[in-house]
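Q: Could you look at this predicted model? Sequence included:
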Amino acid sequence: MGSLLDNLNEQQREAVVHGEGPLLVSAGAGSGKTRVLTYRIAHLLASGAADSAEITAVTFTNKAAREMRERVEELLGRPLYGGFVGTFHRWALEVLRRWPRAAGLPDRFGIADTDDQRAMMLRALKDLELDPKELPPRMVLSRISGMVNRGTDREAFVDRATSSSDETIGRLWERYEKLKTVSAVVDFDDMLVRALRAVRKDTKVRDAVARRARFLLVDEFQDTNSLQMDLLTIILDGRGNITAVGDEDQSIYRWRGAELANILSFETFFPGAQVVALEENYRSTEPILTVAGGLIAANRGRRGKKLFTSREGGEAVRLHIAADERGEARWVADHIESKVGNSQLKEMAVLMRTNAQTRPFEEELTRRRVPYRVVGGLRFWQRAEIKDALAYLRLAVRPGDLLSFERVINVPARGIGAATIDVLRRAARDLGLNLPEAARQLPEGLSPRARLSLEKFFLVLDEAPGRREELAPGDFVGWLLEASGLFAMYEGEAEDRVARRENLQQLAAAVAEAAARGQGLEELLDSVALLEENEDQGAPGGVALMTLHSAKGLEFDVVFLAGLEDGLLPHANSRDEPEGLEEERRLAYVGMTRARKWLALTGARSRFLFGQRQPTRLSRFLDELPTEAVDDVSEPVASWSAQPGVGSEVRPRPTRSGGATPARRRGGPAPATVTDADGTGWRPGDRVRHQRFGSGVILACQGTGAQLKLVVFFDRAGRKTLVPTIARLEKV
DNA sequence: GCTTGCGGTATTTTT
DNA sequence: TACCGCAAGC
């Protein structure tokens, strides 16, 4: 263990060997935050100060939790038994699953995801005869969530409501709560609220949780909201034995209720706290730190760390403003290709403010056949066919699951429409049953067709428990997909049908895999609801495209921070409020500090937005950067603004021969291409190999550039249509 | 009850 | 531009 401590600098060591009592590690970007956290846990265990069953470490993302556990186990050389390492929501959910009654929940309850929430709120609006167009469900929900996360409950909100719109929200809130109760589900916020209620109400629960959290460690402390803070405080019960690690400059979840005050006033919340600041950065080169540091210095709400590095040198930060978003994408792609020799593609990332910004980059990279992966974005678990299948699985686990029942009662279409549902709903009310139970009675008033359909539907659901016992989990899913008719729903060779069938197969595979890891179906469903296993879409080793929010906690050799325009970064919805603007600045700061060796800031002078091309204004953040560390390699304005019709459409411009590209400036070589220059390289008749489908022969090539698709006949898997860059095809 | 087509509207970030 | 919701027709 002594040798372990040798790997740490003085401040890191101070934090690691800290005994009991509150400790705040104010850790700048790249200063070894995770290292301190993991070493501290390892040290507590190795020195005998704590047993692993007394450690609770809480993070915000599943990824961070997994990484922490892995690194601790690596240090210890053994698995970490007992204790808890996971997200706040997972922590809360475990309390609810173990003590549902203390939390005011039925023994079996489900989790309402965002779609479920929206559906319930829509229903609430309809029940109250309100117009969803004037009062969008999403808005109402975010309003309510905002209150909840600030620790305001419904009663308090209703009491204080003065405006009529607040009163309406209050009524909707009540109705929404009712719908959740009837459906026996909790939403994300409920997990925290109800866990808090359970530990407040029942000292046995609190003691059990506290025993397991004799040493409580919290990562990303700057993102905690008051609800989470309450939870922590109660578990600590005055002992104050908390290790909080965070960086106020990286607080980017204000919209979710994060209270910067929790970290800024840590010493007030936890008197006598020791504070350790980690300011030596081990990640980035000096120019990158200078630029990022220059930017964040404009913020007022901070403890005021100043990062430094003992390493010297490094390339200046590039700034490139292109004529439009396609030019921006081209410039980025040029530099990705030119850097392939020095860094792997997976060590490069394009970061942006909104998910919608990825498109031009995807198109450009696809055109050049540069593999990329979109992190976040369209998620596997949110696809309609997967959600339908999950609903069937939920019903197999929890037959009374109302939301799932309603979701699939007519999927695949079996002739049960609004009229039938109405009959069932009325019957449910009259009989005092919930919808699935009432439907099971096959009440009067059903058309013969509907009656027959319902009978068949229940036949499948009733057979499920038995099948579940006799079949392996993966096979059970396969059976359910067949029996329910979900699989048959997507028969045919149309591309999207094939894709959907594949997704369903992947689901069965995922369940089988989870089972192999010892995870049961119930746990898997919980995990899915908490958005775990949220895989990246696209080529595994490719360039990463993601939002700034998803980028937090990651690092790359090469980073492009795209869309430095007023309205995007800072975003239009946040820039007009001082605190909102500061958060936008922090977002930009987070993006910059992801870069190890090379950083570029890019933007466009016009952008296609809301269906039309619009001129943009450059981000005000650019004015705040220390000029000496930035190398402006923007496309010269003259090369585009002199031409008539600027901004009306994307024009061919004198690309590589025209603008002052960095390569020209530095006299460097022209960007190398990842694949062969122009010839697509794919011809009908070629034999190819695919990771999953095995070998096959190309039947046809459709489209060109971004649209290039190959129709391949695989020896084993039959006919498939593939996008070659994404499918990772190999020539044989 | 289901499918199709039209028109309107939206684009912040996520556990 | 792209998607979603709704209305009308089958």
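A: Received the coordinates, thanks.

Q: Please identify which helix or strand holds A:Val558.
A: Assigned by DSSP states H and E, A:Val558 falls within strand A:556-561.

Q: element containing the closest residue to A:Ala92 other than its chain neighbours?
A: Excluding the flanking residues, the one nearest A:Ala92 by Cβ to Cβ, 6 or more residues apart in numbering is A:Ala195, at 3.6 Å. In this view, the C-beta of every residue, glycine as well, is placed from N, C-alpha and C. Assignment of secondary structure by DSSP H and E places A:Ala195 within helix A:188-201.

Q: coming back round to it: isn't the residue nearest to A:Ala92 up against A:Arg98?
A: No - using Cβ atoms under 8 Å, A:Ala195 is not in contact with A:Arg98; the gap is 10.3 Å.

Q: okay, these two: which has more neighbours?
A: Counted by other Cβ atoms under 10 Å, A:Ala195 and A:Arg98 do not tie: A:Ala195 has more neighbours, with 28 against 13.

Q: That one and DNA strand C: what is the separation?
A: 31 Å (Cβ to the nearest atom of the strand, to the nearest Å).

Q: Next: A:Lys33.
A: According to Cβ to the nearest atom of the strand, A:Lys33 stands 38 Å off from DNA strand C.

Q: How about that residue, nearest residue that isn't a chain neighbour?
A: Spatial nearest neighbour of A:Lys33, chain neighbours left out: A:Ala27 (3.8 Å); criterion: Cβ to Cβ, 6+ apart.

Q: In contact with the one you found, which residues?
A: Residues near A:Ala27 by Cβ atoms under 8 Å, 6 or more residues apart in numbering: A:Lys33, A:Val36, A:Val245, A:Gly246, A:Asp247, A:Ala277, A:Leu278.

Q: is it true that A:Phe84 touches A:Glu94?
A: Yes - counting by Cβ under 8 Å, A:Glu94 is a contact partner of A:Phe84 at 7.3 Å.

Q: which residues sit in contact with the one residue in the stretch 101-250 of chain A that gets nearest to DNA strand B?
A: In the stretch 101-250 of chain A, the residue that lies nearest DNA strand B is A:Phe188 (4.2 Å; Cβ to the nearest atom of the strand). Applying Cβ under 8 Å, 6+ apart, we find A:Phe188 in contact with A:His89.

Q: show me what contacts A:Leu93?
A: Neighbours of A:Leu93 in contact, by Cβ under 8 Å, 6+ apart: A:Ile111, A:Met191, A:Ala195, A:Asp526, A:Leu530.

Q: Could you check the one helix or strand it maps to against DNA strand B for contacts?
A: If you go by DSSP H and E, A:Leu93 is part of helix A:88-98. Yes - against DNA strand B, helix A:88-98 shows contacts by Cβ under 7 Å from any atom of the strand at A:Phe88, A:His89, A:Arg90.

Q: Point out the residues in the stretch 201-350 of chain A that sit beside DNA strand B.
A: A:Ile252, A:Trp255, A:Arg256.

Q: Reduced to three states, what does the second one come out as?
A: Think A:Trp255. helix (DSSP: H, G, I helix; E, B strand; the rest coil).

Q: Neighbours of it, how many?
A: 14.

Q: for it, what are its contacts?
A: With contact set as Cβ under 8 Å, 6+ apart, A:Trp255 has these partners: A:Ser574, A:Glu583.

Q: Likewise for the first one?
A: The neighbours of A:Ile252, taking Cβ under 8 Å, 6+ apart as the test, are A:Asp223, A:Ala258, A:Leu548, A:His549, A:Lys552, A:Glu583, A:Arg586, A:Leu587, A:Val590.

Q: Just the buried ones from those residues?
A: A:Asp223, A:Ala258, A:Leu548, A:Lys552, A:Glu583, A:Arg586, A:Leu587, A:Val590 (16 or more other Cβ atoms under 10 Å).

Q: Three-state assignment for the residue of the stretch 151-300 of chain A found nearest DNA strand C, please.
A: Closest residue of the stretch 151-300 of chain A to DNA strand C, Cβ to the nearest atom of the strand: A:Leu172 (16.6 Å). At A:Leu172 the chain is in helix, as set by three-state DSSP.

Q: Would you agree it is in contact with A:Leu128?
A: Yes - using Cβ under 8 Å, A:Leu172 makes contact with A:Leu128 at a distance of 6.5 Å.

Q: more crowded one of those two?
A: A:Leu172 (22 against 13).

Q: pLDDT score assigned to that one?
A: Per-residue pLDDT puts A:Leu172 at 89.

Q: any idea how far it lies from A:Gln519?
A: 37 Å (Cβ to Cβ, to the nearest Å).

Q: Ok, A:Arg367 next?
A: Taking Cβ to Cβ, one finds A:Arg367 at 40 Å from A:Gln519.

Q: Same question for A:Tyr490.
A: 27 Å.

Q: With neighbour numbers in mind, choose between those two.
A: The neighbour comparison of A:Tyr490 against A:Gln519 (other Cβ under 10 Å) goes to A:Tyr490, with 19 against 15.

Q: Show the contacting residues for the more buried one.
A: Contacts for A:Tyr490 (Cβ under 8 Å, 6+ apart) come out as A:Glu385, A:Arg497, A:Val498, A:Arg500, A:Arg501, A:Leu504.

Q: sec struct for A:Gly238, please.
A: Three-state call for A:Gly238 (three-state DSSP): coil.

Q: Just confirm A:Thr224 contacts A:Thr233, I think it does.
A: No - with contact defined as Cβ under 8 Å, A:Thr224 does not count as touching A:Thr233 (10.8 Å).
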